[in-house]
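Asker: quick one, structure for this:
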Amino acid sequence: MKDIHKLILSVSLLFALIVSSGAGAQDGLIYHTEGIAGSDIPVTYHLISTDDGLLTPIGLRKPEGNGPFPIVLFSSGNGGEGYQYVKDYSHNRGWTLEQFLAAGYAVAWLRYRSEVENPVYGGESLLAQPWSGRPVFNRAPLEYEDAIRIIDYVGSLPYIDPNRVGWMGVSHAGEMLMKITSIYDGLAAGIASEPASAGFMARGQVSSLSEISSEEYGEDGMSSLETSDSYNDESLQLAVQATHEAIDREVAMARIGHIDTPIFVQGRSRDHNQPVFRVNYELLSEAGKNVEWKSYDHDVHGFVYVWRDSDGDYAPDEVQREAISDSIEFFDRYMK
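Answerer: Numbering: from 1, shown residues only. Next comes the predicted model:
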C-alpha cells in the first residue's frame, strides 16, 4: 500500500510539474486543488523551490477572473510543519483570507523552514559558487530566504501583479517582514502583527533553546502571551525604555536603514512582548520610514487569524473585525 501511495505521489508531482511549466510560473509546481467548506473559492497548493532545491508549500486562492490581482501572503510563527500546516490553515483559519478575497485580493497561506537559533540573523549573506555543476553554499538558507523565493514565485504567476505583493505576518513571521524588507524590495506593503522582533533589533542573545523554553514559554513549551495583563501607560513606558536599553541600537538602525516598504505594526496590549512591538515601531519611525502603529486589546496571541469553532463556524469578535478592516484599508492604500 505504501508503494502505491509513493507511485501516486510521484505521478502527481510529475503531472504538476508539466502543468506548471506551461503556466509561466518560475521554480515551482502546482500540486493539488480542493474546495474549502463554506466558500466558492478553492485552494490550490503550490510547491516552490528554495535556494537549495527543496520544496516549500503555499495554499493560494484568488477571486474569480484572470487578474492580474494584488496578493497578500499570510504567515505565522517560526516555521516548520510543511504541507500539512498549509492545508490545515487553509481550511481552518480562512475567515481573514475570505475578507481579503471579498476585497479583491488573491491570498495565500505559506510555510518555510523552521527558524534556527544559529547562525544569528545579520551574519553572512547567502552565497553560492558552482562545484561539479551544482551550487555550494557558504551556509544553509534561512526561513526568510525561503519567503523571498515564495514572493518571487507568486509574482511570476500570470494572474498576479508582481508589483502588488503584500505580506501579513504574526509573531516571528512579523519579525520576518523586518528581515525580508531589510535585504529585499519585492514587497509593496507589509503588516507585522505582534512582531517578535527582538532578534532583528539585536536585543542580546539567548544562550540556549532550553532557556527560551523554560523562561519565556514555560515547562510545557506553551506561550503565556494569551494570559498577560494589559499594560497601562506607565508600565508600558517603563518596559519600552528597558527594551530600548537592551537592544544594540547601532546594529538595529543599520538594518532598518535599508527598509523602503510601507509597514503597519500591530501591537496587542495583553502581550508580554508589547514593549518589543512598540520599540519595533518607534525605531522605524525614528529612521523616517513609512510606518503606522495601532494596538488592540485582545486575549489571544495571533488574534488576527480567526479559527473555526467546534461547530466548524467562524465567530470573529469586534476586535478581530476591526483589526482586519484596518489591515485591508492599509493594503488598499498601497496595492489598489
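Asker: return the set of buried residues in the longest strand seen in the chain.
Answerer: When secondary structure is assigned using DSSP state E, the longest strand within the chain turns out to be strand 160-170. Within strand 160-170, the residues that qualify as buried by neighbour count (16 or more other CB atoms under 10 Å) are Ile160, Asp161, Arg164, Val165, Gly166, Trp167, Met168, Gly169, Val170. Yep, even glycine has a C-beta here, placed from its N, CA and C like the rest.
Asker: now that strand: mean pLDDT?
Answerer: Averaged over strand 160-170, pLDDT sits at 98.
Asker: what's the first helix or strand after that strand?
Answerer: Reading on from strand 160-170 to the C-terminus, the next helix or strand found by DSSP states H and E is helix 172-181.
Asker: for that following helix, packing partners?
Answerer: If contacts are counted by 3 or more CB pairs under 8 Å, 6 or more residues apart in numbering; DSSP states H and E, helix 172-181 sits against strand 69-76, helix 143-156, strand 160-170, strand 189-193, strand 263-268.
Asker: make CSV out of the ones you listed and add distance to Tyr296.
Answerer: Converted to CSV, the helices and strands packed on helix 172-181 look like this (distance: least, CB to CB, whole Å):
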stretch, distance to Tyr296
strand 69-76, 16
helix 143-156, 25
strand 160-170, 12
strand 189-193, 9
strand 263-268, 6
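Asker: picking up where we left off before, of the buried residues of strand 160-170, which pair is most distant in space?
Answerer: Farthest pair in the buried residues of strand 160-170 (CB to CB) is Asp161 and Val170. Separation: 24.4 Å.
Asker: residues touching the closest residue in space to Arg164 that isn't next to it in sequence, list them.
Answerer: With sequence-adjacent residues excluded and distances taken as CB to CB, 6 or more residues apart in numbering, Arg164 is closest to Pro70, at 3.6 Å. Pro70 makes contacts with Gly104, Tyr105, Ala106, Ile160, Asp161, Arg164, Val165, Gly166, Ala188, Phe331, Met335, Lys336, as judged by CB atoms under 8 Å, 6 or more residues apart in numbering.
Asker: now the fourth one: how far from Ile30?
Answerer: Going back to what we said before, that points to Ile160. Ile160 sits 14 Å away from Ile30, going by CB to CB, to the nearest Å.
Asker: what of the third one?
Answerer: Between Ala106 and Ile30 the distance is 15 Å, computed by CB to CB.
Asker: these two - which one has more neighbours?
Answerer: Remark: of Ala106 and Ile30, Ala106 carries more neighbours, 26 against 20, as counted by other CB atoms under 10 Å.
Asker: the more buried one pairs with what?
Answerer: Beta-bridge partners for Ala106, by DSSP bridges, are Ile71.
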